[in-house]
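Enquirer: Sequence first, predicted coordinates after that:
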Amino acid sequence: MPDGEFAGSPIDVFDGVGSAVPAELADHLRTVRLVDHHVHGTFDKPVDRAGFEASINEGSTDPIPDFMTQFDSPLGLSIRRWCAPVLGLPAHAGADEYWKRRSELSPDELSELMLPLAGVERWVVDTGFQGDLITTPERLTQLSGRPSSSILRLERLAEELLEDGTRPEDFPDAFRAALADAAASPDTVGTKTIAAYRTSFDIDWSRPADAQVVEHARELAGRDTLRLDSPVLIAFGVHEAAAHGLPIQVHVGFGDRDLDLHRTDPMLLLPLLRTITPVPVLLLHCYPFHRKAGYLAQAFDHVNFDVGLGINYLGVRSTGLVAEALETAPFAKQLYSSDAFGPPELHLLGSVLWRRAMGLVLGEWVRAGDCTEADAIRIVDMIGVHNANRVYAL
Amino acid sequence: MPDGEFAGSPIDVFDGVGSAVPAELADHLRTVRLVDHHVHGTFDKPVDRAGFEASINEGSTDPIPDFMTQFDSPLGLSIRRWCAPVLGLPAHAGADEYWKRRSELSPDELSELMLPLAGVERWVVDTGFQGDLITTPERLTQLSGRPSSSILRLERLAEELLEDGTRPEDFPDAFRAALADAAASPDTVGTKTIAAYRTSFDIDWSRPADAQVVEHARELAGRDTLRLDSPVLIAFGVHEAAAHGLPIQVHVGFGDRDLDLHRTDPMLLLPLLRTITPVPVLLLHCYPFHRKAGYLAQAFDHVNFDVGLGINYLGVRSTGLVAEALETAPFAKQLYSSDAFGPPELHLLGSVLWRRAMGLVLGEWVRAGDCTEADAIRIVDMIGVHNANRVYAL
Amino acid sequence: MPDGEFAGSPIDVFDGVGSAVPAELADHLRTVRLVDHHVHGTFDKPVDRAGFEASINEGSTDPIPDFMTQFDSPLGLSIRRWCAPVLGLPAHAGADEYWKRRSELSPDELSELMLPLAGVERWVVDTGFQGDLITTPERLTQLSGRPSSSILRLERLAEELLEDGTRPEDFPDAFRAALADAAASPDTVGTKTIAAYRTSFDIDWSRPADAQVVEHARELAGRDTLRLDSPVLIAFGVHEAAAHGLPIQVHVGFGDRDLDLHRTDPMLLLPLLRTITPVPVLLLHCYPFHRKAGYLAQAFDHVNFDVGLGINYLGVRSTGLVAEALETAPFAKQLYSSDAFGPPELHLLGSVLWRRAMGLVLGEWVRAGDCTEADAIRIVDMIGVHNANRVYAL
């Protein structure tokens, strides 16, 4: 149910397409509170324009080059369209005008303006990446007025244990103890692996023996920089998380160019999915492999997926992505996420674009008689709220 | 031409989208009798609800889990929308209501209700999978009132020969003799390989010498369970079928999780397609590789494809699939199939959804002036009827 | 700005969809002069019908088989729809009628009719393929009234040097000298590699030492037919082109069946893209990998892409392709090309279908309020004109 701020939003997600979405479905999508099951914090400190532009390019690890502005992208158009009014500007304000107005506000002011308008019931926060640049889950809750849960990043956990002096021979048990703590904590509702970035999915996914884990931990601990990239340690972490009954988020596909995108095809996870203790597995993002992810969600009871991140980056084209994500997976196996990191525009847009896309896609189904309006609303609730509640036992 | 039952159907495939499809094209799609060039039998015995739900999930080999119903899927929506009226229920009847009514009818009654409404001219039946659970081609003909032809599964043929005591050293000639019989039979119009399930397509596709085949047959015959999984025997079967002038159906892509989907990318068939005696090759299903399959159908005279199975499983989203299947392949190289197995809902829906999708896609082309209505009707006839007649010499 | 011929075109690219495209955007798309940044010449001599039909099938290297006509394809429909009126026939004239009328005109007459109607500002011509069958850039300019620039094919350059007697030990320097000449020439604006056809992208992309290059040049020079297929020589050519500051076009994906399509996945270029001197890299065609190409264009400042070739071959379905190409890439990183080769129908259609698709896709964005009409026009100009001007310094 919407609180005041959300209900009084300057954003109508069906602006310009009102007649395409049946009224009850539209009203529901305007007001339903979503579980954003994979998100990061907002920027804690002011960014300059170069920093902001880089933060709305996912693929590149370089600054945006001089010959262009990242506003000239589908995401940039969406920011100008949906976020400009939140800053008191007309929709489609130019990039310079947007930047000028945005610069007048502090990071907290921006977050306090934008986060509540996302209409999120609960944030499930991945704290494992550049935590020094972004808000903690606690701060995200303060800024948004909504509760947060946490996701434990498995590779970071292993690195921290070794950085903190855990002896390699003690590493397997220490890792298990940390997972047991996490499983007992009401705040931590799941884990995440970024194998995609560290080893790709094209590795031996069998469960390693402790002796082998110790050996690889020793090798890692002996390095100057503790960047876990051992397939053995990756597989160990994932199997241990499953053994502890913890849901496992898996970064799949779309990400920055440090990963080999084609080696993050979720099909390469088959050896893992076939053998793992069947805790919920959450395939994140998945673009452009979302059709394969949907197939895996049909094929394995414990596999679920989302098309977060892609929704923001595709902007207006996210409607096509959301439609393709509704192909082969049962509706009980898909979730909503923004994967927002940094600018609170992304926390807001993920929600706006998903609501709009679901309305356009399901609205067409209803209008053509392919399902009832009640069916459509139920599908929204499953993907937007209920599946996350079930998977993470929220 | 429609017989009485088909013409008096409670289903109007353009219900809800009538204005989008030009009248003559719509009428043609409502009445044209299709060749379903790849289909299986209907359930022979009653199934319980768990069995039914499992039979409308293609990917999983497990029962549907307790937290969900498979009715909550695109296919489930389509069953409630299109099949409920066939059972005398309102369209979109709920899952429980649908199941209650369905349970009151025997398997034969269900088939006799649904099969004729598919408007199929001829069934081309793959009898090679779980033949004890489903009707024979003869019975399918009795229940539907339409003739059937048969497809010989190459791996099953090899297994049967060895199960029946063929000596390994006699195997190559016995296999050839069986193919010669099949080629001479008016009932058997083609063959099929499920290499996708047994070896993947990532194998050596060169034609093996008999001595090598004998060796592999000997290894297989010595096992307790005769499950053919030798790349040599797979390649032997396919090359022999081609040498006997028999069309070859190839399962591609979408299927249950026993296969490694990414290793059934049809591009991995290139070494075979480049060297095989050019009999018609029929790439079946192909989702999510249908764009690549269409490309292969442009690149090789003897390659054809369909998007069966996917059409049923995508439900309302099959319109997008049918559209993508009309991209690069010449219209003479695509066929219609349902790949239905078990519930006769699938035999019916394959036809309903394909007709509707073709009407929506081609109707838009006609309305925008991209082709004439006569062109659209001709494309329907090629894909729905004529290409199958040509390829199988029906 | 349109000259007389272009303005008096018998083609209205928005025929049949007029109400879907806002007026100013439509007018702009009807008149903007495009840079066709990758194109070949038109047929120099008459072709018979078999030759014409083969020239509108990209994938096959065989004649079109007797049981079909290549007019029965998406491209064939588009030729009948858009090119028939240019020959004075009604739109949708039948294949035989079209062929009869076309046969009455000489190759030059056909080119002089069709090329100007493409509304191209400048042709950037790849002269490296079957140059004896098609017009030179100079002749293309005479026939169209528009200037041409040239692209130097790296593999052909290497073959010519060796064919002309360059000693293997002199080959590296001779190759560099030729590139230096090209870089100094006002006519040559870039280079191209067809690694896709010669080695696939699945090779070692590291920069080879001259000694290694000499060794491979010696091996090649010793053959009867000088067809460069050495990964070392391919990588050498590409790195040298980059070192000379020359833009590099890369054939990606869709092409004839001589290539292994799956081994031309642009993701296999990652090792090259990560290490090469960052000159502009132009991923050409890319279908069905266009989503991955768009991602690479976001991830690397120097990577750009187009969906040429596919636009022609998908015909009416090119609208979906153009839409998918507008997903993750910044608008500054996409270009227009036809990749036309042979029949001038292809030079014309590439332009017609791209204009129409851009109008339909961006028009929907504008109508739904997802961007302004000025934004849409600016996107058209970037992709159709400005990005090519920047990348090639035209």
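Expert: Arrived safely, thanks for sending.

Enquirer: Residue numbers of the stretch 251-394 of chain A in contact with chain B?
Expert: Within the stretch 251-394 of chain A, the positions adjacent to chain B are A:265, A:267-268, A:270, A:274, A:291-292, A:295-296, A:298-301, A:323-324, A:326-333, A:365, A:367-372, A:375, A:378-379, A:382, A:390 by CB under 8 Å from any CB of the partner chain. In this view, the C-beta of every residue, glycine as well, is placed from N, C-alpha and C.

Enquirer: go again using 6 Å as the cut-off
Expert: Counting by CB under 6 Å from any CB of the partner chain, the residues of the stretch 251-394 of chain A close to chain B are A:267, A:270, A:291, A:295, A:298-299, A:301, A:327-328, A:330-332, A:365, A:368-372.

Enquirer: And for the stretch 51-200 of chain A?
Expert: So far as CB under 6 Å from any CB goes, the stretch 51-200 of chain A does not lie against chain B anywhere.

Enquirer: Pick out the residue of the stretch 51-200 of chain A closest to chain B.
Expert: In the stretch 51-200 of chain A, the residue that lies nearest chain B is residue A:200 (13.4 Å; CB to the nearest CB).

Enquirer: got it, and the stretch 201-350 of chain A?
Expert: Closest point on the stretch 201-350 of chain A to chain B, by CB to the nearest CB, is residue A:299, at 3.1 Å.

Enquirer: That residue: neighbouring residues, count only.
Expert: Residue A:299 is flanked by 26 other residues according to other CB atoms under 10 Å in any protein chain shown.

Enquirer: pretty sure it is in contact with residue B:257, am I right?
Expert: Yes: at 3.9 Å, residue A:299 and residue B:257 qualify as touching, with contact defined as CB atoms under 6 Å.

Enquirer: Show me whatever sits in contact with both of the two.
Expert: When contacts are counted by CB atoms under 6 Å, 6 or more residues apart in numbering or on different chains, residue A:299 and residue B:257 are jointly contacted by residue B:59.

Enquirer: hang on, the earlier thing: can you get me a residue count around the residue of the stretch 51-200 of chain A closest to chain B?
Expert: Other residues within reach of residue A:200, judged by other CB under 10 Å, total 18.

Enquirer: Give me the nearest residue to it, chain neighbours excluded.
Expert: Spatially, and ignoring its direct neighbours in sequence, residue A:200 is nearest to residue A:263 (3.5 Å; CB to CB, 6 or more residues apart in numbering or on different chains).

Enquirer: in the stretch 51-200 of chain A, which spans are helices?
Expert: With DSSP state H, counting those that start in this stretch as the criterion, the stretch 51-200 of chain A has helices at A:74-78, A:95-103, A:107-114, A:137-144, A:154-163, A:171-184, A:195-198.

Enquirer: I should have written the stretch 251-394 of chain A there, sorry.
Expert: For the stretch 251-394 of chain A, helices defined by DSSP H, counting those that start in this stretch occupy the ranges A:270-275, A:290-299, A:310-314, A:318-324, A:344-367, A:373-381, A:387-392.

Enquirer: closest one to chain C among these?
Expert: Set against chain C and scored by CB to the nearest CB, the helices of the stretch 251-394 of chain A come closest in helix A:310-314, at 4.9 Å.

Enquirer: which residues are in contact with that closest one?
Expert: Contacts of helix A:310-314 (CB under 6 Å, 6+ apart): A:58, A:74-75, A:254, A:285, A:287, A:318, A:321, A:346, A:349-350, A:353-354, C:327-328.

Enquirer: ok, the residue nearest the centre of chain A - contacts?
Expert: Residue closest to the average C-alpha location in chain A (CA atoms, centre = their mean): residue A:339, at 2.8 Å. Residues in contact with residue A:339 (CB under 6 Å, 6+ apart) are A:38, A:308-309.

Enquirer: ok and the residue in the stretch 51-200 of chain A nearest chain C?
Expert: For the stretch 51-200 of chain A, CB to the nearest CB, closest residue to chain C: residue A:59, 3.1 Å.

Enquirer: Settle this for me: that residue is touching residue C:300, isn't it.
Expert: No: checked against CB under 6 Å, the pair residue A:59 and residue C:300 is beyond contact range at 7.7 Å.

Enquirer: and the nearest residue to residue A:381 once chain neighbours are set aside, how far is that from chain B?
Expert: Nearest residue to residue A:381, sequence neighbours excluded (CB to CB, 6+ apart): residue A:32, at 6.7 Å. Distance, residue A:32 to chain B, by CB to the nearest CB, to the nearest Å: 18 Å.

Enquirer: Give the burial count for residue A:32, as a bare number.
Expert: Neighbourhood size, residue A:32 [other CB under 10 Å]: 20.

Enquirer: Likewise for residue A:156?
Expert: By other CB under 10 Å, 18 other residues sit near residue A:156.

Enquirer: Ok, the one 10 residues further on next?
Expert: If you count neighbours by other CB under 10 Å, residue A:166 ends up with 19.

Enquirer: Now it: closest residue in space that isn't a chain neighbour?
Expert: Nearest to residue A:166 is residue A:174, by CB to CB, 6+ apart, at 4.7 Å.

Enquirer: My read is that that neighbour contacts residue A:167, right?
Expert: No: counting by CB under 6 Å, residue A:167 is not a contact partner of residue A:174; they are 8.6 Å apart.

Enquirer: the more surrounded of these two?
Expert: Counted by other CB under 10 Å, residue A:174 and residue A:167 do not tie: residue A:174 has more neighbours, with 18 against 13.

Enquirer: Now do the more buried one against residue A:226, distance only.
Expert: Computed with CB to CB, to the nearest Å, the distance linking residue A:174 and residue A:226 is 14 Å.

Enquirer: Over to residue A:340?
Expert: As judged by CB to CB, residue A:340 and residue A:226 stand 28 Å apart.

Enquirer: likewise residue A:236?
Expert: 16 Å.

Enquirer: So for the two, which residue has more residues nearby?
Expert: residue A:236 (25 against 14).

Enquirer: The residue nearest to residue A:200 contacts residue A:203, doesn't it?
Expert: No: taking contacts as CB under 6 Å, residue A:263 lies outside contact range of residue A:203: 9.4 Å.

Enquirer: of these two, who's got more company?
Expert: The neighbour count for residue A:263 versus residue A:203, taken as other CB under 10 Å, is higher for residue A:203 (18 against 15).

Enquirer: Identify the residues contacting the more buried one.
Expert: Contacts for residue A:203 (CB under 6 Å, 6+ apart) come out as residue A:231.

Enquirer: Which secondary structure element of chain A has the lowest mean pLDDT?
Expert: The helix or strand of chain A with the lowest confidence, counting by mean pLDDT, DSSP states H and E, is helix A:4-7 at a mean of 53.

Enquirer: chain center to the helix or strand just after that helix, what's the gap?
Expert: The element immediately downstream of helix A:4-7 (helix or strand, assigned by DSSP states H and E) is helix A:23-31. When distances are taken as CA atoms, centre = their mean, to the nearest Å, helix A:23-31 is centred 24 Å away from the chain's centroid.
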